[in-house]
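Engineer: Dropping a prediction and its sequence here:
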Amino acid sequence: MRALVTGDPASQQDARERAAQALARARNVGVEEARTQVQQFEQQYRQTMDQAKQKATQAADLAAKGVSRGAILAAISLLLGGLASWLGGRMGAVDPTLTEWRGAYGRTDVDVSDQRTGTNRDTNRRVS
């Protein structure tokens, strides 16, 4: 039967004839009736193969959709995670407030205060 559906047309015809003769001997029926049954078997086989191909194609399409959706959601999650970490880093960073006063002799008095703790630190640095 495999040679009947997978071979070239000449070997298919030969395989049909051999299958019909074998079927006629096995079932004690005429060769014409056996040929008809072989044609029915071949038709049924082709229909089953077509249905299997369609189901396989549908399953592959469904799997591809699932994988693409998963990839898109993973990319969005990475972007949101990056944004959240950037915002978290910005919110957690110490932002000192600098206030400068130019004093005598070109020196600058710098008042550094930490807004979250309320502490102040005075430094005296020369500005170039």
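Structural biologist: Structure's in. What do you need?
Engineer: Look up the closest residue to residue 37, ignoring the ones flanking it.
Structural biologist: Leaving out its chain neighbours, the residue that sits closest to residue 37 by CB to CB, 6 or more residues apart in numbering is residue 23, at 6.0 Å. For every residue, glycine as well, the C-beta is placed using N, CA and C.
Engineer: what's the one you found in contact with, if anything?
Structural biologist: 29, 34, 37-38 (CB atoms under 8 Å, 6 or more residues apart in numbering).
Engineer: Work out for me the element residue 64 sits within.
Structural biologist: Secondary structure assignment for residue 64, by DSSP states H and E: helix 31-92.
Engineer: State the mean pLDDT of that helix.
Structural biologist: Helix 31-92 carries an average pLDDT of 94.
Engineer: which helices and strands sit right next to it?
Structural biologist: helix 2-6, helix 9-27 (3 or more CB pairs under 8 Å, 6 or more residues apart in numbering; DSSP states H and E).
Engineer: picking up where we left off before, which of the contacts of residue 23 lies closest to residue 10?
Structural biologist: Set against residue 10, the nearest of the contacts of residue 23 by CB to CB is residue 38 (16.6 Å).
Engineer: wait, isn't the closest one in contact with residue 18?
Structural biologist: No - with contact defined as CB atoms under 8 Å, residue 38 does not count as touching residue 18 (9.5 Å).
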